[in-house]
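**Q** sequence unknown, structure follows:
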Ligand SMILES: Cc1ncc(COP(=O)(O)O)c(C=O)c1O
Ligand SMILES: Cc1ncc(COP(=O)(O)O)c(C=O)c1O
């Protein structure tokens, strides 16, 4: 073991299991993160001791659950520096982004309008806008990559004009792993009066987010990529915007009154939370936030940076390795091995217990821009250590030998 | 204790807690059900031993999770007698019903068309259709109550005509607790070529569902009302219909290809599952199905019927009690106490640890039809016993005395 | 069960106001009004005010609801008649603060008079909305008519 | 790690077909074709067939993909030339069955010839799709041209 030790590896029993006879080397945190054992136990306790239904209850048990649910909302609000009324619980980042498209988008994007997107957007922040644009006759304008394979700010500048109604942008790309120039792009967008939707799915596990300072209009993320349970996500929106927007889904818990067939809506955030919410999911997300706060983002950032500083030079030194994107990596690195298809490589890695992702990473426009069908992606988080980097490097070496010998 | 013993009460630690110094008497199962301890433990084990991301993985760990997720889908399919490709996982019944409105509804309901709904629909099966109708200029036609306060089949017959495009109907009302004449209404709807959306949220915990035999076109329900975790639900749809429908949400995992800006969709059910699903929620729903199958619907139905047979005559014998709906009750009974507002009654009940629901139960059109602002609802399930009925009856008596003395 | 707790919520004066609400019915003349719903139960309170030279000269309410909401509305109408709109806004804020367990300034509390009795609802968190909705209606009716105090 | 397992997946003939695919490129004359994507990785196979009097007289493919999908497509083209469309449909079904660990009838297996080697992919569930997509394309191309066998 080198100097980079895992933060709290022992909290994750999953990482002690084996895969194909090897101890698991989990390098797919950008897809989803394991949940700390203690959070699972707390959720179990909640189900066993307090679980009931939220809202609309006049009984004590229901109130306990409602308070726990709203307490989770407050934790999220504090975590991203928002007001609790600005925090909408959804089933995940994809649902959050669709909500913006279905509610704000349908009301505000019209024929001839333009939407600016990065070519590196995840399908979840690409397709909703593409489909909306097709439906209303608006136009997508793509921020391309410069020769560092990072977003091209100069080209981006030329995309904004008085027709631009929206900027949809990932804070951190799930393929390139680099932080996009969000501040600059938001300011370009706001200068022409456009609204900014930031997809924070890959950023929020890695850095302290302050939506007010960022001045984004919407911010979306998922719980399962930040040590929380599955099926829960968040949409932050500026209150003034949320208040003007119509609800996107309809059902229990989101109306104020229904009279002569006319419905009026509850205040935000309830207006956007039709139906029984994922109560325990939200509470679990709250626990994940407690956990991250306890470790502290200073430690998280430093840890991941040290891992990258260790790994990247060694990876780059391998002449058969092509790394995509030359920016600083937030724990995520995508690459290809010369002459070896990423699927074949991943199958070999898997035999070593090294679990990476191979494919297009739900970023086909970026793959097309990079001129590749797919890539290998290794993504690291607080429980990974230098030994995991070494195992990846060794798996790469063996894979290269296997295919070079064989061919 | 009388002859009606609870089925498996000991599996639910929640029911051993106290509320306001009294042992909990949980009579709000129509809102949500507690989760058996063993399911929580299994989910914890899953997170600790196998959890990873579904789909799009070429690694062994991801495949394990994908298999568990798809196995849960097969369990659901078998449970309702459908094909796995016809089972879409959603975040709950509300999301399922909105999905039908957003996808099938927007394509197929046009100006001048008519939608038939029961006046007793839950807001989650009322508002999506009301809003759609308002948006496109279609018309809602309501099935009213007869003098038994059950759906009026004779009046219903007069509502169907060649303009009817859709019947949206709860199988069991969450207020009246009675089974609606689903077979008759579906057949009326199909005769005029209309599509049938059945809201099974209240039926599925109580009886064996066979969607093929029922011949509904869509069927929606939630996991958290059938002993499963929160944040998971199902939309069943006939495969031929699902295949024709456009997706309602867009994101990772639901496209087949994206080329020159044109997206083509994955096959069903993936087409409708954009984004990372509530993997563990779906697996938990699978465990809940195992649990229900083990107890057996014959036992569940008999148990709930025995409870109702015990409770209802005693409740009806109290001259200050007005019960709504004269049909057979599937564990759910709504009533009011003469001269006492349901909120005041529920607050008193709560002091006795008797947790009921008081309010409009997200069924304002029904409340307006019944001419009341709200009601008390007591709902029973497998863990309730005769002692719970007695405690409700006692709470009613004390509440009546309290307010009658006081006034 | 603690019937004593119940008696503190349902005091004689509360039950009396609920059973015999004061100023119930629509005012024949009014120049400010507001309707507020309690979405959790479907209860509705509509409040009517006649405001002359910034003073409440008449107040009434309609709508159905539980003992708590009816009594609170009835007590409210008694408390506000004769008060200035500024006093009313201060009272609404004080009531809402007290009912949710927060502090309020003594002067405003004094203005509440008998109506302050409803703030015992604080001990029954599930019922706080029942007691406060008529005060929200007051706040809203005045602001709708006069604009926001800071405008 | 078991490199032996890897050798059973990546046998010499597989690597050879992947490195030197047979019949790669668009046919100048063809009367049936189909494109199939593997949505999990973005791989694409486009298959071209010339069918004369119900016999495959020429076959080729284009598209990019992993060793498994390229080798499988290459082996497929070799296997189908000279077969009838009915034989091809039977082969596609047999291949897909074997690759997913199910049974297939001996006659169809015999028709597969060398291409059957790809069904060892069965031991690598994550890669089954890679091996089968060219066979789906075959099935689709024939059915598109001729209609469903039961029609
Ligand atoms: C009849 C009925 N339909 C639909 C729903 C909505 O279910 P959910 O809130 O879980 O989405 C409910 C419960 O709230 C219900 O009782
Ligand atoms: C950048 C980015 N955006 C959006 C998403 C979608 O998140 P989810 O699948 O949890 O909805 C992901 C992850 O899949 C992502 O990496």
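**A** Here it is on my side, so go on. Just so it is clear, the model here is predicted, and its values are computed rather than measured. Numbering: from 1, shown residues only, chains lettered A, B, ... in the order given. Ligands and ions are numbered 1, 2, ... in the order given.
**Q** identify the residue spatially nearest to the spatially most central residue of chain A, adjacent ones excluded.
**A** With distances taken as Cα atoms, centre = their mean, the residue of chain A nearest its centroid is residue A:201 (1.2 Å). Closest residue to residue A:201 apart from its sequence neighbours, by Cβ to Cβ, 6 or more residues apart in numbering or on different chains: residue A:93 at 4.3 Å. In short, each C-beta sits where N, CA and C put it, glycine included.
**Q** quick one: contacts for residue A:378?
**A** Applying Cβ atoms under 8 Å, 6 or more residues apart in numbering or on different chains, we find residue A:378 in contact with A:27, A:332, A:333, A:335, A:356, A:392.
**Q** run the chain-centre distance for the longest helix seen in chain C.
**A** Counting by DSSP state H, the longest helix found in chain C is helix C:128-146. Centroid displacement of helix C:128-146 relative to its chain, using Cα atoms, centre = their mean, to the nearest Å, is 7 Å.
**Q** contacts only, for the spatially closest residue to residue C:83 that is not a sequence neighbour.
**A** Once flanking residues are discounted, residue C:83 sits nearest to residue C:56: 5.5 Å by Cβ to Cβ, 6+ apart. Contacts for residue C:56 were tallied using Cβ under 8 Å, 6+ apart; they are C:49, C:50, C:80, C:81, C:82, C:83, C:84, C:85, C:88.
**Q** hang on, isn't the last one packed against residue C:77?
**A** I take that to be residue C:88. No - between residue C:88 and residue C:77 there is no contact under Cβ atoms under 8 Å: 11.4 Å.
**Q** what residues of the longest helix of chain C count as buried?
**A** Buried residues in helix C:128-146, defined by neighbour count with 16 or more other Cβ atoms under 10 Å in any protein chain shown: C:128-143.
**Q** same check, this time on stretch A:60-72
**A** For stretch A:60-72, burial by neighbour count (16+ other Cβ under 10 Å) applies to A:60, A:61, A:62, A:63, A:64, A:65, A:66, A:68, A:69, A:72.
**Q** any residue of that stretch touching chain C?
**A** Yes - contact of stretch A:60-72 with chain C (Cβ under 8 Å from any Cβ of the partner chain) involves A:60, A:62, A:63.
**Q** which one of those is nearest residue B:36?
**A** Here the nearest of the residues of stretch A:60-72 next to chain C to residue B:36, counting by Cβ to Cβ, is residue A:62; it sits at 20.2 Å.
**Q** how near is that closest one to residue A:279?
**A** Noted for residue A:62: a distance of 11 Å to residue A:279, by Cβ to Cβ, to the nearest Å.
**Q** name the residues contacting each of those two.
**A** A:53, A:54.
**Q** hang on, the earlier thing: what residues are up against the residue nearest to residue A:201?
**A** Contacts of residue A:93 by Cβ under 8 Å, 6+ apart are A:124, A:199, A:200, A:201, A:220, A:221, A:222, A:225, A:233, B:275.
**Q** which of those residues tops the neighbour count?
**A** With neighbours taken as other Cβ atoms under 10 Å in any protein chain shown, the top of the contacts of residue A:93 is residue A:220, carrying 32 neighbours.
**Q** who are the packing partners of the helix or strand it falls within?
**A** Here residue A:220 sits within strand A:218-222, counting by DSSP states H and E. Applying 3 or more Cβ pairs under 8 Å, 6 or more residues apart in numbering or on different chains; DSSP states H and E, one finds that strand A:218-222 contacts helix A:93-100, strand A:195-199, strand A:233-237.
**Q** residue A:330 contacts residue A:177, doesn't it?
**A** Yes - contact criterion Cβ under 8 Å: residue A:330 and residue A:177 qualify, at 5.6 Å.
**Q** need the overlap of contacts for those two.
**A** With contacts taken as Cβ under 8 Å, 6+ apart, residue A:330 and residue A:177 have residue A:202 as neighbours in common.
**Q** next one: the longest strand along chain C to chain centre, how far?
**A** Secondary structure assigned by DSSP state E gives strand C:43-52 as the longest strand of chain C. Counting by Cα atoms, centre = their mean, strand C:43-52 is centred 10 Å from the centre of its parent chain.
**Q** are the helix or strand harbouring residue C:7 and chain A in contact anywhere?
**A** In this assignment (DSSP H and E), residue C:7 forms part of helix C:3-9. No - remark: helix C:3-9 sits outside contact range of chain A, by Cβ under 8 Å from any Cβ, the gap being at least 11.9 Å.
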